[in-house]
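Undergrad: Next comes the sequence, and after it the predicted model I'd like to discuss.
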Amino acid sequence: MKIIIYGANEMGSIIATEFFEDHDIIVIDPNKTSLDKFNNLDLTTICADASNINILKEADIKSADVFIACTNIDEGNIVACLIAKQLSDAKTVCFVSKKECRDSLRAIREEHNRNYALYIDHVIWPERLLVHEFLRIITVPDAVDVEYFSGGRAKLLEYRIKENSVLLNKKLKDCQFNEETLVVGLARDEELFIPNGESEFKLNDKAIFMGTPDALDNTAAQFFVEDNNIKNVTIIGGGSVGYELAKSLENTKLKIKLIEVNYKRCEFLSQELKKTLVLNGNGTNLELLEQEDTGVSDVAICVTNNDEKNLLCSLLTKQLGAKRAITRVSQAATASLFEKVGVDVAISPNEAAVNEIKNRIIESHAGILATVERGLAEILELRIKEDFKDVALMDLRLPTRAVIAIIERAGKIIIPKGQTLLRAKDKLLIFTKSQDVGTIKDFFK
């Protein structure tokens, strides 16, 4: 697949690094110094402005499969995508940072069909993806990841094994989980493996479960969630993420408190947010945090634009007594470090954006529904062919470790056991390590 990336910034670098090994990549940027970072990668660079029609012709946009505009200038991204759309059949992906730009492009999309000249295929606002990630995790107490499948009839939950966990040092075979709950993966020391009955839950492991929502909720209540009653949420940082998050949470019954250092921004937030207490102050000010009782927060969410400040705010709120600290980080690599030093969940908007591009655009044909544990594992959707002969799951000899977690048959969800029969036309949701996706797909061919 030929992919043209306009923008050699951090986002462009992450995308190029993710896909250059398997795809033909061209990176365009007017700054030669920014392009120098790609010298050790097997890809092509063009020092120019991709909003120039001649430059896109030089890059042979007609032969491109995907065009991604991810510079820091929304208007430049939009113009480049519109030109690319006029010159080619490439799927266009436009990154925006302003809500106004996203809303305008969405309005065009809703009012006109795909043949309309001003149509951009995918508009990505990383901050909005980040808000969606936060909301999923906030609404499920103590979970570090939450995913929904099959129209909400199947679910993935991920929990960390803590010192007081009843599962600590127990073998999987000795744990009495709900029969519609499967342990599909264990993440330990930044590695992931598919467990078996002899696998033990170790301190700080992240256990990944799949099953029906009711079964997983029961499992969570039995083994992980100490207090299911979330009442108070503190948000530190009133930028676009903090604002969107507070606005979404106002639809719940939660008490929301937002701390923002910029006074003028506080005025805007106070006018727009009707059910949120907006406070003007620095989230790293321990005295302020104590005065405003942030220690009683069930969840503290740090979403400033500064990683170091987010880390400090998270650790301070935890020290004061907040039950959970969830924070924004710029890069996935930083997220792992944050979680090691005490942050409960760290999420990167860049990582969320790359996953969106990978699963919905670049590799949409691969049937990957979700990426888990920062790319270590994936949920693969496959449909069994019509000439397949019935076979019990226990007799299926997969070529590599994987878990068939969900069977969708005739509109029903089945959580399989060893004796469960796999049948022609079944839709399977399979949990496997990312490097084994191709092997699993080939097996079912």
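TA: The structure has been received and is ready for your questions. Fair warning: this is a prediction, and the values are worked out from it, not measured in the lab.

Undergrad: Now Val15. Nearest residue, chain neighbours left out?
TA: Actually, residue 15 is Ile rather than Val. Ile5 (5.8 Å; Cβ to Cβ, 6 or more residues apart in numbering). (C-beta placed from N, C-alpha, C; glycine too.)

Undergrad: Just the element for the one you found, please.
TA: Per DSSP states H and E, Ile5 falls inside strand 2-6.

Undergrad: Can you list the strands that that strand pairs with?
TA: Strand pairing for strand 2-6, determined by DSSP bridges: strand 24-29 (parallel), strand 66-69 (parallel).

Undergrad: which secondary structure element contains Leu245?
TA: Leu245 belongs to helix 240-249, assigned by DSSP H and E.

Undergrad: strands paired with the following helix or strand past that helix, and their directions?
TA: Note on helix 240-249: by DSSP H and E, the next helix or strand toward the C-terminus is strand 255-260. Sheet pairing of strand 255-260 (DSSP bridges) gives strand 232-236 (parallel), strand 276-280 (parallel).

Undergrad: which one of those lies closest to Asn359?
TA: strand 232-236 (28.0 Å; Cβ to Cβ).

Undergrad: That closest one versus helix 240-249: what angle between them?
TA: Relative orientation of strand 232-236 and helix 240-249, computed by axes from the mean of the first three to the mean of the last three Cα atoms, to 10 degrees: 160 degrees.

Undergrad: mind listing what's buried in strand 232-236?
TA: 232-236 (16 or more other Cβ atoms under 10 Å).

Undergrad: Also stretch 219-233?
TA: So for stretch 219-233, counting by 16+ other Cβ under 10 Å, buried means 219-220, 223-225, 230, 232-233.

Undergrad: Ends of it, what's the gap?
TA: 25 Å (Cα to Cα, to the nearest Å).

Undergrad: list the buried ones in the host helix or strand of Phe268?
TA: Phe268 is located in helix 263-272, with elements delineated by DSSP H and E. Within helix 263-272, the residues that count as buried by 16+ other Cβ under 10 Å are 265-266, 269-270.

Undergrad: now do stretch 386-398
TA: Quick answer for stretch 386-398 (16+ other Cβ under 10 Å): Leu398.

Undergrad: Over to stretch 68-87?
TA: Buried, per 16+ other Cβ under 10 Å, within stretch 68-87: 68-71, 74, 76-85, 87.

Undergrad: do the same with stretch 237-256
TA: 237-247, 249, 254-256.

Undergrad: How about stretch 284-304?
TA: 284, 288-289, 292, 294-295, 297-304.

Undergrad: Next, the distance between the ends of that stretch.
TA: 11 Å.

Undergrad: pLDDT (mean, whole number) over that stretch?
TA: The average pLDDT for stretch 284-304 rounds to 94.

Undergrad: can you check stretch 69-87 too?
TA: pLDDT averaged over stretch 69-87 gives 93.

Undergrad: who touches stretch 335-344?
TA: Applying Cβ atoms under 8 Å, 6 or more residues apart in numbering, the contact partners of stretch 335-344 are 144, 160, 190, 310-311, 314-315, 318, 324-327, 329, 345-348, 351, 374.

Undergrad: Let's see that with 6 Å instead.
TA: 190, 311, 314-315, 318, 324-325, 327, 329, 346, 348 (Cβ atoms under 6 Å, 6 or more residues apart in numbering).

Undergrad: And for stretch 208-225?
TA: So stretch 208-225 is contacted by 141-142, 155-159, 167, 177-178, 180-185, 405, 415 (Cβ under 6 Å, 6+ apart).

Undergrad: before we move on, what about stretch 85-101?
TA: Applying Cβ under 6 Å, 6+ apart, the set of residues contacting stretch 85-101 is 56, 61-62, 64-70, 74, 77-78, 81, 84, 102, 120-125, 361.

Undergrad: if we can go back for a sec, now render the strands paired with strand 2-6 as JSON lines, adding distance to Ser51.
TA: Output for the strands paired with strand 2-6, formatted as JSON lines (distance: least, Cβ to Cβ, whole Å):
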{"stretch": "strand 24-29", "distance to Ser51": "10"}
{"stretch": "strand 66-69", "distance to Ser51": "9"}
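
Undergrad: Which stretch among those is buried most, on average?
TA: The highest average neighbour count among these, using mean count of other Cβ atoms under 10 Å, belongs to strand 66-69 at a mean of 28.

Undergrad: pull the CA atoms of that one into PDB?
TA: Output in PDB follows, covering the C-alpha atoms of strand 66-69 (Å, rounded to 0.1, in the frame of the first residue of the first chain):
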ATOM      1  CA  VAL A  66      -3.900   6.700   1.500                       C
ATOM      2  CA  PHE A  67      -3.100  10.400   2.000                       C
ATOM      3  CA  ILE A  68      -2.700  11.600   5.600                       C
ATOM      4  CA  ALA A  69      -2.400  15.300   6.400                       C
END
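
Undergrad: Centre of the chain to it, how far?
TA: 20 Å (Cα atoms, centre = their mean, to the nearest Å).

Undergrad: cool, and stretch 163-179?
TA: So, by Cα atoms, centre = their mean, the centroid of stretch 163-179 is 27 Å from its chain's centroid.

Undergrad: ok, now which ones touch Ala352?
TA: 129-130, 133.

Undergrad: Is it in a helix, a strand, or coil?
TA: Counting by DSSP: H, G, I helix; E, B strand; the rest coil, the backbone at Ala352 sits in helix.

Undergrad: Tell me the buried residues in the strand holding Ile5?
TA: Across strand 2-6, burial judged by 16+ other Cβ under 10 Å covers 2-6.
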